Each structure stands twice: as C-alpha cells, then as structure tokens.
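> The amino acid sequence is not available; the structure is as follows:
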C-alpha cells in the first residue's frame, strides 16, 4: 500500500494510523531517497513525501505523477492520497495526478480532522479562525467535476448516502468532497464509499486514514515492534513553524522544564549570514548543556511575529522558509555531533526533512501517536539510526503537546 503526502509531517501522521493497527510501515523522508522502490521491500505500507506543497500546480502534479508511476506499477496497489487538513499546497492537482496514473474515475475526499479541530460544514473547512471553501479549493486545479456532499445527506445513513453518490455519478461528478463534524461522520463516509466496486481514490487527512487503516490491518500480518536506541542524553526540540499554537507550546515547555528556548534570528538568514546564526545557536545549546540542561529547544525568531495562514505563500516567503529549515538542520547536525541526544522533537515538515537529509536518515518507522497528529517514530539509517523522533505540523496540538512529547521520549527511552 502507498500513502502519498505533500510534506513529511503529513506522511508521518498518516502512516502512524496504519502502524497503530499493526501494518508495518515506513515513511520516505523526501524525493532524493525515492528512486528505488525496492529499498522499501518488507513493509506493507510506504508513506511517500513528495515535498510538493511549495511547488506550482503543474510541478506538484508532476511530482505526484512520478511518485505514482514509480511505486504503483501494479494497478492493484492501494493508494491513499494524503492532503493537508487546511488544504494548503496543491490538493486538486495532486489528486488529479493520482487519478490519472491509477486510471480511476472516482475520488472520495474528506479533508476534515475533527480530533485536531478541523471540520467541514456546508463545504466550508474551519480550523480555528480560518475558513476555507473546500470544494472550490480542490476543484480549482482539477479537470474533473467536483461536488460537495453535505452533512444532512451523510447523517441520513449509508443507504441514502450511497444512492446520492450513485445519482451524481450519473450526472458526471467524479470527485466528491464530504462534510464532516465528527469521527462518526468519517466512519459513515468510509463504510459507504468502500461499497463502490469501481476503482477509486481515497483522499483526506489522517482522520479518514484511521478508518482505512482498520480495514487494511485485517488483510496483513501484524508488524514486528521496532527497536530503539537507548543511549542517554538530552531531548532536542526544534521548529521553524510560525503558528501561534507552536509559540504557546514552546513557551509552555520552557516553563515546564525550567529552561529557556534558543532563538535563531531570521535576520541573519535573510542577510545571507546563516553561519552566524548557526554558530550562535550551537554555542547557546552547548552552554545550556554544560549548565545541566536535559532539554534543548530551538525556534526561529519569526515564531514570535504576527502570522496569518495562507493556502499558497509567495515564492519569496517559501525560499526564506526553506533557508530557515536548512539552517535549523545544520544546527541540529552540529548539536548532535557534539552533544549526546536521546530523542528529537521536530515541528514542521521542512525542518524534519532537512534534519533527516543532513543526518543521512533513510526513512522513519512510525511507532505510536502521542496526541492526534503527533506521531513518534524511529529514524532508519545515518547518524540518527534507531533514534526516536516526534514530528508534528505546526498548527496541531494543545499548549502542552511539546511538554507531553518530551516527557514521552524521556519515559520511552528509560523504558527501553
């Protein structure tokens, strides 16, 4: 089975749903390690990070198309298209690519993730104060007909929902976008669309994936538990996220562990003085450890600026974000080379990917979920081989999620 996601945290938080139900899984950390599908033999599920959220619609289509061609040579391969739970990036063009390669005339889309406060009602996706027209956003880059399925139809029951979809297929609709307010809605949607014999693509956040995972688990052998490094050391958290939620999580963890967070100044990166920013942060981390710190937290200064979510950022902002992630990856590399690290917490897909690439990580085996959308996995390959890592999208989780993740890694390490 294949999961295709547009960033690494999404690939992780979806793959872990399958692993929780016993499906052996590995997450591909980025396109550079995707060239040979045979590298992933032995796993029931491969979750692929196409790293395509920042690309243009046409570039994202090609990235997903190429990934499908590489990993789905067998038309019987089960594909789950993971999309962002607030529809950032290129959800329509990427779904189009999967449907084209898999020769599917139907797709069922449920972007909601109720456990993380993402719901869809009357076709409008709500996440905190953000409201997004889910149908319009998905249809924007698709040549296929897209239609909404509203809550009253879903809650009328599976028979009514099935008939409604059938009738609209006859009218030419090929992509259905579902309202969802709770997990029971997702269960009804999944059970209904599974009854369609025609080839189709399931598309959604990790919320819908939970129900697919339960079904897939019935058809495979249970996975063997992963092994984990048990070396002593600090827990190292880093983020380039700009989300307000992450800001509060960082502040709460610093208070809970009686430490101060280290801030990488974005101005150095913009001025092309990344080496200065990296050196300052590494020196501060080393000083904290010499003073007895068991938790290190590094964030970018932009986290403490005003932030408003956009579905598609400017090329300039994407380039700055990329350079920030690269610099955080360099900080992590130097910290890990000079300080004993027992576990890592990474917020944001770009940050996690840069860390993995710079440390030679081949993939991540998901193990469990600390909170909704906050998986813990084991790094495979490179300098972080078998080291535990927690990943999370910047906007996920309550104020205590970083504290909870650090406590989990400390206890998990000790238990092992």
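Now that the structure is in, tell me what you want to look at. Predicted model only: the values in this text are computed from it and were never measured. Numbers count the residues shown, from 1 in each chain.
> any residues touching the helix or strand containing residue 323, and which ones?
Using DSSP states H and E, residue 323 maps to helix 315-338. Residues from elsewhere that reach helix 315-338, judged by CB atoms under 8 Å, 6 or more residues apart in numbering: 54, 236, 238-240, 264, 266, 269-270, 274, 277-278, 281-282, 285-286, 296, 298, 300, 302, 313, 341, 344, 348, 350-351, 353-355, 357-359, 383-384. All C-beta atoms are positioned from the backbone trio N, CA, C, and that covers glycine.
> Can you list which of these are found in helices?
Among those, DSSP state H puts 266, 269-270, 274, 277-278, 281-282, 285-286, 350-351, 353-355, 357-358 in helices.
> Got a quick PyMOL command for the buried subset of those residues?
Paste this into PyMOL to select the buried members of these, with burial taken from 16 or more other CB atoms under 10 Å:
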select buried, resi 266+269+274+277+278+281+282+285+350+351+353+354+355+357+358
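> Now residue 234. Its backbone dihedrals?
Per-residue torsions, residue 234: phi -90, psi 160 (degrees, to the nearest 10).
> and it, how many residues sit next to it?
Neighbour count of residue 234, defined by other CB atoms under 10 Å: 21.
> what's the answer for residue 271, then?
When counting by other CB under 10 Å, one arrives at 11 neighbours for residue 271.
> distance of it from residue 330?
Using CB to CB, to the nearest Å, we find residue 271 at a distance of 16 Å from residue 330.
> Same question for residue 318.
Look at residue 318 and residue 330: by CB to CB, they are 19 Å apart.
> Look at these two and report which has more neighbours.
Shown here are residue 318 and residue 330; by other CB under 10 Å, residue 330 has more neighbours (20 against 15).
> Which positions in stretch 331-343 come out as buried?
So for stretch 331-343, counting by 16+ other CB under 10 Å, buried means 331, 332, 333, 334, 335, 336, 339, 341, 342, 343.
> Likewise for stretch 139-148?
Using 16+ other CB under 10 Å as the test for burial, stretch 139-148 gives 139, 141, 142, 144, 146, 147, 148.
> Could you do stretch 37-57 as well?
Neighbour counts over stretch 37-57 (16+ other CB under 10 Å) mark 37, 40, 43-55, 57 as buried.
> Now, those residues that are in strands?
The strands, defined by DSSP state E, take in 45, 46, 47, 48, 49 from the buried residues of stretch 37-57.
> ok, these vs residue 94, which is closest?
Relative to residue 94, the closest of these is residue 48; by CB to CB it sits at 11.5 Å.
> any idea how far residue 132 lies from residue 27?
Computed as CB to CB, the residue 132 to residue 27 distance reads 26 Å.
> out of those two, which sits in the busier spot?
residue 27 (33 against 20).
> what sits against the more buried one?
8, 11, 12, 15, 47, 49, 363, 364, 365, 366, 377.
> Please apply the same query to residue 366.
Each residue near residue 366 by CB under 8 Å, 6+ apart is listed here: 12, 15, 16, 18, 19, 25, 27, 47, 375, 376, 377.
> ok, which pair from the buried residues of stretch 37-57 is furthest apart?
44 and 57, at 31.7 Å, using CB to CB across the buried residues of stretch 37-57.
> separation between residue 207 and residue 175?
For residue 207, the distance to residue 175 - CB to CB - is 18 Å.
> which helices and strands sit right next to the helix or strand harbouring residue 69?
For residue 69, the host element (DSSP H and E) is helix 57-71. Contacts defined by 3 or more CB pairs under 8 Å, 6 or more residues apart in numbering; DSSP states H and E place helix 57-71 against strand 2-5, strand 45-49, helix 91-102.
> Residue 207 and residue 175: who's more crowded?
residue 207 (27 against 24).
> Can you classify the more buried one as helix, strand or coil?
At residue 207 the chain is in helix, as set by DSSP: H, G, I helix; E, B strand; the rest coil.
> ok, now residue 85?
Residue 85 is classified as coil under three-state DSSP.
> what's it in contact with, if anything?
111, 112, 113, 116, 118, 127, 205, 206, 207, 373, 393.
> Surely the last one is in contact with residue 348?
Yes. Taking contact to mean CB atoms under 8 Å, the distance of 7.2 Å between residue 393 and residue 348 places them in contact.
> Between these two, which contacts overlap?
residue 9.
> Quick one: list the elements packing against the helix or strand encompassing residue 390.
Assigned by DSSP H and E, residue 390 belongs to strand 388-392. The contact analysis (3+ CB pairs under 8 Å, 6+ apart) places strand 388-392 against helix 8-20, strand 341-347, helix 349-358, strand 363-371, strand 374-380, helix 401-415.
> Okay, buried residues for it please.
For strand 388-392, burial by neighbour count (16+ other CB under 10 Å) applies to 388, 389, 390, 391, 392.
> That strand: partners in the sheet, and parallel or antiparallel?
Take DSSP bridges as the rule and strand 388-392 pairs in its sheet with strand 341-347 (parallel), strand 374-380 (antiparallel).
> Just send these back as TSV, with distance to residue 247 and mean pLDDT too.
Below are the strands paired with strand 388-392 laid out as TSV (distance: least, CB to CB, whole Å; pLDDT from 0 to 100):
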stretch	distance to residue 247	mean pLDDT
strand 341-347	11	95
strand 374-380	17	95
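> can you count the residues close to residue 251?
The number of residues near residue 251, taken as other CB under 10 Å, comes to 17.
> Make 541 the starting number, not 1.
Fine by me, first position is 541 from now on; the one you just mentioned is residue 791.
> measure it to residue 844 for me?
Counting by CB to CB, the gap from residue 791 to residue 844 is 10 Å.
> ok, now residue 682?
Residue 682 sits at a distance of 38 Å from residue 844 (criterion: CB to CB).
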